[in-house]
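1. Sequence plus the predicted model coming up.
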Amino acid sequence: MGGAHKSIRVFVPALLIASMTVCAAAADWPNWRGPYHNGISNEVDWGGNWASCEPNVLWEQQVGTGFSSIAVADGRLYTMGNSDIRVGRVATEHDVVYCLDANTGVILWTHPYPSALAPNSYEGGPSATPTVADGKVYTLSKHGMAYCLDASDGQVLWQRHLVAIYGVRAPTWGFAGSPYVDEDLVIYNVGTHGMALYAADGTLAWETGTNRPGYSTPVPFDFQQQRFLVLMGEKTFAAVHARSGELLWEQPWVTNYNANIPDPVVDGNQVFVSTGYSEGSALFDVTTSKVTRLWFQKDMQTFLNSAVLWQGHLYGPNDKGDALTCVERSTGRIVWTRGGFGNGSVTLADGKLIVLSQGGELCIVEASPAGYRETGRGRILTGKCWSVPVLANGNIYARNATGKLVSVKLETTAPKVDAGSSVVTWLKAGTTTVDLGGTVEDDTGDVTTILWSAISGPAGRPTVDIANDSAAATTATFSGAGAYVLELYARDATAQEGSDRMEVRVYADSCEAAKNNPISDYVAPPYDYDNDCIETFRDFAVFAVERSDIETFNDLAVFAAEWLEDESLAADILYDP
């Protein structure tokens, strides 16, 4: 985590700066695995630009036992958990759908309904994640209760008990796939190859039989300009038409205990499938309705949570070695692996992996086949953490099995250094002095070193005299024309570092400086009556007086002449060249 963050401020004309302005993209995360159903966010600059980061927990909340992940939409957060709710003298187990303010953690509404905790070699509680679409929230319990709620207040719009109504059978550990919304349909991994209800009223659109499903969420892909879904079944994985449920293809895939849990990763005409319990991974070509296996290996086994695909490589939790592993997608070759994560989970944004270990450590890791490179680490939770962390609008949200939910911001504990704005000036009597308005901030207040230094300058290296090089705010005197880069550096008691740079351009005279300064009021010599290359009200007043014979200038010329005699007359005038 050590090292200095170094950025060079380049002197660029103001109009060019305006045209190059870039805003950090922020985005909601409205459903399981995000808006693109692949575990990847388009957000950038969400983790700061510091070489050493630690997560700062902004708030925490209790949301009941379970393994539901998190959805964030329109400033609100949705998740599920199971809690005992007392009715009279009797406390019974209920699943609860929670809606929280995403910025504060305040609970805005809840929707509880009776549902058994049903622990089975794990803590129990709901496994599916709420899906938010078109102002509605869709949920599925492990026992097959499907709800459609108003996202603003939790009002029940419709409900269906899929087991009771359609006779579908739940897998050993209950239904775990999250609802997938496709236009006017909400689709569940329930039944042989899924089931669809109409989103408007919950009536049946299509079903595919009553056999037990796997535990994955439907993953969308397009084939021949039509939308299909890949779903893990009890002993197979299959593709069905999103609008009709018609089977496109089916491929055997058997895991011990019928634990086909992680989502497949779909990329074009290729599908990556991986499961735990010593099964392994494979890549399949699905260009046609015939499925062709391209490779198979046993060294990558994603047990509970899915891998993410980034620039030709898969990154994900590996049950073999409790590791985080990078796999070359085209060949299945293990590129690198790093132990110590348990049955953790991975999300990706801006080329960085957001990894939550089973024990609650949040790690930020470069998504690169060059090797494991960690850029931030810190504990944010304790207990069992199987639920995938999500990134939404700059914040990371995560929870553990017992229902502790946290909102986290990545913040540095290293000194935050700002060298100040770039400067354009000129030599006055052979030298020029510039105010260096640097700042050093440190939350822990343990900065031990502050140092200004000139790290580059013009040929011949004219001298730079820094009045107090150990003070952030000081002055620097330059003895020659040219471009200089100055660096402000700080170090704290724990050897964390921060630095920033600023540029000083020194010209031989004021006219050259004005010409090259995009924020100056430089004008051509004909309008520069005092020859300093900067247009002022005095320049304009002389110009106006000389044109007093022009009718439209007459009143202004009279005033200008008076002002030249008594400049206090324009004390309250704002002049814009």
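-> Yep, that arrived.

2. so how far is stretch 384-395 from its chain's centroid?
-> Using Cα atoms, centre = their mean, to the nearest Å, we find the averaged C-alpha position of stretch 384-395 to lie 10 Å away from the chain's own average C-alpha position.

3. can I have it written out in CSV, keeping just the CAs?
-> What follows is stretch 384-395, C-alpha atoms only, in CSV (Å, rounded to 0.1, in the frame of the first residue of the first chain):
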residue,chain,number,x,y,z
LYS,A,384,-19.3,-14.9,7.0
CYS,A,385,-19.3,-12.7,3.9
TRP,A,386,-20.7,-14.6,0.9
SER,A,387,-22.8,-11.8,-0.6
VAL,A,388,-21.2,-9.8,-3.5
PRO,A,389,-20.2,-6.2,-2.8
VAL,A,390,-21.6,-3.6,-5.1
LEU,A,391,-20.4,-0.2,-6.3
ALA,A,392,-23.0,2.5,-6.9
ASN,A,393,-22.5,6.2,-7.3
GLY,A,394,-19.0,6.1,-5.7
ASN,A,395,-19.9,4.1,-2.7
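
4. could you give me the average pLDDT of it?
-> Across stretch 384-395, the average pLDDT comes to 95.

5. now stretch 259-271
-> 95.

6. Quick one: distance of that stretch to the chain centre.
-> Distance, stretch centre to chain centre, for stretch 259-271: 23 Å (Cα atoms, centre = their mean).

7. Name the residues of stretch 352-371 that are buried.
-> 352-365, 367-368 (16 or more other Cβ atoms under 10 Å). Quick note: C-beta positions are derived from backbone N, CA and C, even for glycine.

8. Isn't Val365 up against Glu374?
-> Yes: at 5.3 Å, Val365 and Glu374 qualify as touching, with contact defined as Cβ atoms under 8 Å.

9. Please name every helix or strand in contact with the helix ranked longest in the chain.
-> Of all segments of type helix in the chain, defined using DSSP state H, the longest is helix 554-565. Contacts defined by 3 or more Cβ pairs under 8 Å, 6 or more residues apart in numbering; DSSP states H and E place helix 554-565 against helix 537-545.

10. helices or strands up against the helix it packs on?
-> Against helix 537-545 (3+ Cβ pairs under 8 Å, 6+ apart) you get helix 554-565.

11. Name the residues of the helix it packs on that are buried.
-> Counting neighbours by 16+ other Cβ under 10 Å, one finds that the buried residues in helix 554-565 are Leu556, Ala557, Phe559, Ala560, Trp563.

12. Stretch 157-176 too?
-> Under the neighbour-count criterion of 16+ other Cβ under 10 Å, stretch 157-176 has 157-158, 160, 162-163, 166, 168, 170-171, 173-176 buried.

13. Check the offset of that stretch from the chain's centre.
-> Computed by Cα atoms, centre = their mean, the separation of stretch 157-176 from the middle of its chain amounts to 34 Å.

14. now what about it, what contacts it?
-> For stretch 157-176, contacts defined as Cβ atoms under 8 Å, 6 or more residues apart in numbering pick out 67, 118, 120, 122, 127-128, 136, 140-150, 188-191, 195, 197, 201-202, 204, 207, 210-216, 234, 257-258, 261.

15. Phi and psi next, for Tyr166.
-> When quoted as degrees, to the nearest 10, the phi and psi of Tyr166 stand at phi -110, psi 0.

16. what residue ranges in the stretch 51-200 of the chain score low on pLDDT?
-> Applying pLDDT under 70 to the stretch 51-200 of the chain picks out residues 51-54.

17. residue ranges for the helices of it, please.
-> 162-166 (DSSP state H, counting those that start in this stretch).

18. ranges for the strands of it?
-> Counting by DSSP state E, counting those that start in this stretch, the segments of the stretch 51-200 of the chain that form strands are 54-62, 71-73, 76-87, 90-101, 107-114, 131-133, 136-140, 145-150, 156-161, 180-182, 185-188, 195-198.

19. could those be laid out in CSV, adding distance to Val545?
-> As requested, those are exported to CSV (distance: least, Cβ to Cβ, whole Å):
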stretch, distance to Val545
strand 54-62, 62
strand 71-73, 65
strand 76-87, 65
strand 90-101, 64
strand 107-114, 68
strand 131-133, 69
strand 136-140, 72
strand 145-150, 72
strand 156-161, 77
strand 180-182, 73
strand 185-188, 78
strand 195-198, 81
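
20. and of the ones you listed, who's closest to Ser479?
-> Taking Cβ to Cβ as the measure, those were each checked against Ser479, and strand 54-62 came out nearest at 43.4 Å.

21. partners of the closest one in the sheet?
-> When pairs are called by DSSP bridges, strand 54-62 turns out to pair with strand 404-411 (antiparallel).

22. Let me see the residues that make contact with the partner strand.
-> Here strand 404-411 makes contact (Cβ under 8 Å, 6+ apart) with 46-48, 53-63, 70, 79, 100, 102, 105, 362, 364, 376, 380-381, 383, 394-399, 443.

23. now those: which count as buried?
-> Neighbour counting over the contacts of strand 404-411 (16+ other Cβ under 10 Å) leaves 46-48, 53-55, 57-59, 61, 63, 70, 79, 100, 102, 105, 362, 364, 376, 380-381, 394-399 as the buried ones.

24. dump the residue contacts of Leu362.
-> With the criterion set at Cβ under 8 Å, 6+ apart, Leu362 makes contact with 55, 354-356, 376-380, 389, 396, 398, 408.

25. Check the secondary structure at it for me.
-> strand (DSSP: H, G, I helix; E, B strand; the rest coil).

26. Check the spacing between it and Asn343 real quick.
-> Noted for Leu362: a distance of 15 Å to Asn343, by Cβ to Cβ, to the nearest Å.

27. circling back: so which pair among the buried residues of stretch 157-176 is furthest apart in space?
-> The farthest-apart pair in the buried residues of stretch 157-176, when distances are taken by Cβ to Cβ, is Leu157 and Trp173, at 28.2 Å.

28. neighbours around the closest residue to Lys416 other than its chain neighbours, how many?
-> With Cβ to Cβ, 6 or more residues apart in numbering as the measure, Glu441 is the residue that lies nearest to Lys416, at 4.5 Å, once sequence neighbours are left out. Number of residues near Glu441 (other Cβ atoms under 10 Å) recorded here: 13.

29. which ones are touching the residue nearest to Gly233 when sequence neighbours are not counted?
-> Using Cβ to Cβ, 6+ apart and skipping residues adjacent in sequence, the residue nearest Gly233 is Gly214, 5.3 Å away. Gly214 sits next to Pro171, Gly177, Asn189, Leu231, Met232, Gly233, Glu234, Phe237, Asn258, Asn260, Ile261 when contact means Cβ under 8 Å, 6+ apart.

30. any idea how far the first one lies from Phe67?
-> Summarising the geometry, the distance separating Pro171 from Phe67, computed by Cβ to Cβ, is 14 Å.

31. ditto for the third one
-> Taking Cβ to Cβ as the measure, Asn189 and Phe67 are separated by 15 Å.

32. And the second one, by the same measure?
-> For Gly177, the distance to Phe67 equals 12 Å [Cβ to Cβ].

33. now swap in Thr375 and tell me
-> Distance from Thr375 to Phe67, by Cβ to Cβ: 28 Å.

34. More neighbours: which of these two?
-> Neighbour totals were compared for Thr375 and Phe67, and Phe67 leads with 26 against 19 (other Cβ under 10 Å).
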